[in-house]
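Asks: just need the structure, nothing else, for what follows:
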Amino acid sequence: MTRLIIDDLHVDVLTDAGSRPILKGVDLTIDGGTYALMGPNGSGKSTLAYAIAGHPRYAVTGGSVTLDGEDVLAMSVDERARAGIFLALQYPVEVPGVSVSNFLRTAATAIRGEAPPLRAWLTESRAAMATLEMEPSFAERSVNEGFSGGEKKRHEILQMEILKPRIAILDETDSGLDVDALRIVSEAVNRYRRASDAGIVLITHYTRILRHIVPDHVAVFVDGRIVERGGIELAEELEVTGYERWTRAAAQ
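Replies: Numbers count the residues shown, from 1 in each chain. Take a look at the predicted model:
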């Protein structure tokens, strides 16, 4: 089983004005199953995702991240992707002039080490799109250009289904989704989880997506640290009480 171990991770965000500490010693082991990372805005959830993926604006100042014993922090961004780390972005960027089909086939080639045969690729990509209720014409559109919020998030999950990562980090995938799109995306995530031993990390403020994707583990982030751990019952408590008791304690 794939195991991602985050040990005493400290991360600064780099800005024009200098650096600012965000993560202040995060310990988390992801070894299969579904993990929900919850917390208020600015608590460090997305910073953790970007640091694992290798975003250059996030500098690791202490701690370690290993994937099945391999040092993730020593890998380049593309090496992390080839190792099986996937990040679905909260705000996917537009790539004008590059079709969804070409983008996905290029990514699949990089991950698999060889280009998928064209006929097999068309069958595979069309089947994956169909499970997400995406029209075939979607494949010829430029990546994220003119996409609705829901289309962008479906495209992120389409990438996950095609690339088959070992660790899939989904950063606020529920934001901007209507009820139908949330159902479709959630079904795809659940289907992928059942078909693999991948670890799924859901980063979210709210519990609505957790009604569709029930987590095995829940961790609460406040002020750059994990301050509480539990199961789905912890998410249910947050639905009622919010984060006040933890943010109040952090402020003291």
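Asks: work out for me the element residue 102 sits within.
Replies: Here residue 102 is covered by helix 100-112, with elements defined by DSSP states H and E.
Asks: please read the previous query as pertaining to residue 145.
Replies: In the assignment (DSSP H and E), residue 145 maps to no helix and no strand.
Asks: what's the closest non-adjacent residue to it?
Replies: Counting by C-beta to C-beta, 6 or more residues apart in numbering, residue 145 lies nearest to residue 94, which is 4.8 Å off, once chain neighbours are set aside. Just so you know, the C-beta spots here come from the backbone N, C-alpha and C atoms, and that holds for glycine as well.
Asks: and if you look at residue 29?
Replies: Excluding the flanking residues, the one nearest residue 29 by C-beta to C-beta, 6+ apart is residue 5, at 5.1 Å.
Asks: CA-only coordinates of the helix holding residue 102 in PDB, if you can.
Replies: The C-alpha atoms that make up helix 100-112 are tabulated as PDB, following Å, rounded to 0.1, in the frame of the first residue of the first chain:
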ATOM      1  CA  VAL A 100      -8.000  18.900 -23.600                       C
ATOM      2  CA  SER A 101      -7.200  15.800 -25.600                       C
ATOM      3  CA  ASN A 102      -3.600  16.800 -26.400                       C
ATOM      4  CA  PHE A 103      -3.000  18.000 -22.900                       C
ATOM      5  CA  LEU A 104      -4.200  14.700 -21.400                       C
ATOM      6  CA  ARG A 105      -2.300  12.500 -23.900                       C
ATOM      7  CA  THR A 106       0.900  14.400 -23.300                       C
ATOM      8  CA  ALA A 107       0.400  14.100 -19.500                       C
ATOM      9  CA  ALA A 108      -0.300  10.400 -19.800                       C
ATOM     10  CA  THR A 109       2.800   9.900 -22.000                       C
ATOM     11  CA  ALA A 110       4.900  11.600 -19.400                       C
ATOM     12  CA  ILE A 111       3.500   9.400 -16.600                       C
ATOM     13  CA  ARG A 112       3.500   6.100 -18.500                       C
END
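Asks: would you mark the buried spots in that helix?
Replies: For helix 100-112, burial by neighbour count (16 or more other C-beta atoms under 10 Å) applies to 100-101, 103-105, 108, 111.
Asks: okay if I get those residues as CSV plus pLDDT and distance to residue 22?
Replies: Below are those laid out as CSV (pLDDT from 0 to 100; distance: C-beta to C-beta, whole Å):
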residue, pLDDT, distance to residue 22
100, 97, 33
101, 95, 37
103, 96, 30
104, 97, 32
105, 96, 36
108, 97, 33
111, 95, 29
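Asks: residue 250: which of those is nearest?
Replies: Distance to residue 250, by C-beta to C-beta, is smallest for residue 111 among the buried residues of helix 100-112, at 39.4 Å.
Asks: contacting residues around the closest one?
Replies: Listed by C-beta atoms under 8 Å, 6 or more residues apart in numbering, the contact set of residue 111 reads 81-82, 163-164.
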